[in-house]
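S.K.: From the sequence below, what's the structure:
(one chain, ligands or ions: 1)
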Amino acid sequence: MAVSLVVPGVRSVPVVEEQASCVPEEGTGAYDLLRRYGVTPQRQPEIPREYFKMPQDEREARTWEYRRQLGDRLVILGHHYQREEVVQFADFRGDSYKLSQQAASRSEADFILFCGVHFMAESADILRKPHQQVILPNLSAGCSMADMAKIGDVVDAWESLHDLGIDGIVPITYMNSAASLKSFTGENGGIVCTSSNAAKTFDWAFERGERILFFPDEHLGRNTGVKKGIPLDKMVVWDPFKPLGGNTPEQLQNATLILWKGFCSVHARFSVEQIEQARRDDPNVNVIVHPECRLEVVQAADMDGSTEFIIDTIRNAPDGTNWAVGTEINLVKRLAMEQPGKTITCLDPVICPCSTMYRVHPAYVLWALEHLAKGEVVNRISVDEETKRWSLVALERMLSVA
Ligand code: SF4
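M.R.: Down below sits the predicted model:
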């Protein structure tokens, strides 16, 4: 169910309720889709209803008071896709990797409250200082894309490929993946990438092998492969629910790029038809999209790039320019509010927020801070030492090419 709000600079901005249908093709919520992937999202224990029922101004005043009490002992991180009512409390706003680095640089902070999703909090735990503890306000704030690649399925795929005698495979995992996958990648000669450095990590991989197994985002992998000049007939998709991922041994032998069948339920919604409509509405519009969008959408857009690239490009554009943006609505709304001299709209008229990040309701932020102020750590995210060790190897390789 979607309710429209009028936000200056943004055409018809619906507030989509938590279980809104916004997964492409499936007509269902992200969690229904994940159940079909065999994933049971982590569940947040119930917190007292009073945190939700209290008036917003009271909840905000109490949150600010605990935030003041905790002072430098606490750093709050807010992802770009986080809702405004939460991001207002953040000391840093950014993408997942940048935020983790910023948290680790605040060594005086004992607690890192990550207002993002689960894999982001795991990354912060991997990069944190030894005395720091990472907290995710709502444990059920996962990432539908990250959950589409389970470690057991990736190991099965890896072994199947080697059983076929296919060697020279370098695994690359997108930052948006579980720590177990980052660790697998580090242990097996691979590397982590972000949406801004994926092309460089492909170069790194091809210096060490002949083919890439890329997970969990099929679209970022394909878009990067095309930019690197890999023909589409040298790419295959690995579906974890089919024998050999749905491929013949010959197709796999012939492949340069093996793409995991996973996608972002937000970015996969954008379509070429939406771009055509935006251009009919405004022939001068600049269309900019994230590379988690489908290949045909990226190719139809004027430009594509990471969240930081989208922010920088629009911020640096002159006033009077018009932008149709293919990324998460909270970021688009914020850009529009911060830059009233430009017309900034979302490409998708049925706007879909990241429904999993949306689970970080301000009530959970207050609940977590109230416990911290009493000296109790709730919802700690902790990655085991072995997983952390190999994840760091894969992350350090990424930094070496950045
Ligand atoms: S926007 Fe997509 S990739 Fe990012 S956290 Fe949400 S579901 Fe995951």
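S.K.: per-residue pLDDT, the residue in the stretch 201-350 of the chain positioned nearest to the ligand?
M.R.: Nearest residue of the stretch 201-350 of the chain to the ligand (CB to the nearest ligand atom) works out as Cys264 at 3.3 Å. Bear in mind the C-beta positions are built from the backbone N, C-alpha and C, glycine included. pLDDT, Cys264: 96.
S.K.: can you count the residues close to it?
M.R.: Counted with other CB atoms under 10 Å, residues neighbouring Cys264 total 27.
S.K.: The top helix by length along the chain packs against which elements?
M.R.: Using DSSP state H to define each element, the chain has its longest helix at helix 385-401. Here helix 385-401 touches helix 118-127, helix 179-187, strand 191-193, helix 198-206, going by 3 or more CB pairs under 8 Å, 6 or more residues apart in numbering; DSSP states H and E.
S.K.: Taking their axis directions, the first one and helix 385-401 sit at what angle?
M.R.: This means helix 118-127. Computed by axes from the mean of the first three to the mean of the last three CA atoms, to 10 degrees, the angle separating helix 118-127 from helix 385-401 equals 90 degrees.
S.K.: Skipping its backbone neighbours, what lies nearest the closest residue to the ligand within the stretch 1-150 of the chain in space?
M.R.: Closest residue of the stretch 1-150 of the chain to the ligand, CB to the nearest ligand atom: Cys143 (3.3 Å). Among residues not flanking Cys143 along the chain, Val117 sits closest, at 4.5 Å (CB to CB, 6 or more residues apart in numbering).
S.K.: now do Val287
M.R.: Nearest to Val287 is Ala301, by CB to CB, 6+ apart, at 4.4 Å.
S.K.: Repeat that for Phe215.
M.R.: In this structure, Phe215 finds its nearest non-sequential neighbour in Trp260, 3.5 Å apart by CB to CB, 6+ apart.
S.K.: Also Glu308?
M.R.: Residue nearest to Glu308 in three dimensions, not counting chain neighbours: Asp95, with 5.9 Å by CB to CB, 6+ apart.
S.K.: ok, the one you found - contacts?
M.R.: Asp95 is in contact with His79, His80, Thr194, Ser306, Thr307, Glu308, counting by CB atoms under 8 Å, 6 or more residues apart in numbering.
S.K.: Around the ligand, pick out the residues from the stretch 101-250 of the chain.
M.R.: Within reach of the ligand by CB under 6 Å from any ligand atom, the stretch 101-250 of the chain has these residues: Val117, Cys143, Ser144, Met145, Asn176.
S.K.: mind checking how far the first one is from Gln277?
M.R.: By that I understand Val117. Distance from Val117 to Gln277, counting by CB to CB, to the nearest Å: 30 Å.
S.K.: ok so, going back, make sure the residue nearest to Phe215 is actually in contact with Glu218.
M.R.: Yes. Between Trp260 and Glu218 there is a contact under CB atoms under 8 Å: 6.2 Å.
S.K.: joint contacts of these two?
M.R.: Common neighbours of Trp260 and Glu218 (CB under 8 Å, 6+ apart) are Val237.
S.K.: Now stretch 123-138: buried residues?
M.R.: Neighbour-count burial for stretch 123-138, counted by 16 or more other CB atoms under 10 Å, picks out 123-128, 132-138.
S.K.: Out of these, which two sit at the greatest distance?
M.R.: By the measure CB to CB, Leu127 and Asn138 form the most distant pair in those, at 21.4 Å.
S.K.: Would you indicate which residues of the strand or helix carrying Tyr51 are buried?
M.R.: Here Tyr51 sits within helix 50-53, counting by DSSP states H and E. Residues of helix 50-53 classed as buried: Tyr51 (neighbour count, 16+ other CB under 10 Å).
S.K.: Provide a list of residues in contact with the residue of the stretch 201-350 of the chain closest to the ligand.
M.R.: Ser144, Met145, Asn176, Asp217, His219, Glu292.
S.K.: distance of it from Gly189?
M.R.: Taking CB to CB, one finds Cys264 at 26 Å from Gly189.
S.K.: One more: Asp125?
M.R.: According to CB to CB, Asp125 stands 24 Å off from Gly189.
S.K.: repeat for Asn247
M.R.: Distance of Asn247 to Gly189, computed by CB to CB: 22 Å.
S.K.: Of these two, which one has the most company?
M.R.: Legend: neighbour count by other CB under 10 Å for Asn247 and Gly189, higher for Asn247 (21 against 15).
S.K.: Identify the residue spatially nearest to the more buried one, adjacent ones excluded.
M.R.: Nearest in space to Asn247, with sequence neighbours left out and distances taken as CB to CB, 6+ apart, is Val236 at 5.1 Å.
S.K.: What are the buried residues along stretch 340-355?
M.R.: Lys342, Thr343, Ile344, Thr345, Cys346, Leu347, Asp348, Ile351, Cys352, Pro353, Cys354, Ser355.
S.K.: quick one: average pLDDT of that stretch?
M.R.: Averaged across stretch 340-355, pLDDT comes to 89.
S.K.: That one and the ligand, are they touching?
M.R.: Yes. Using CB under 6 Å from any ligand atom, stretch 340-355 reaches the ligand at Cys354.
S.K.: How far does that stretch sit from its chain's centre?
M.R.: The chain centre lies 17 Å from the centre of stretch 340-355; the measure is CA atoms, centre = their mean, to the nearest Å.
S.K.: For the closest residue to Ala278 other than its chain neighbours, give me its contacts.
M.R.: Distances taken as CB to CB, 6+ apart place Ala324 nearest to Ala278, at 4.0 Å, with adjacent residues excluded. Ala324 makes contact with Ile275, Ala278, Asp282, Val285, Asn286, Val287, Ile288, Thr345, Cys346, Leu347, according to CB under 8 Å, 6+ apart.
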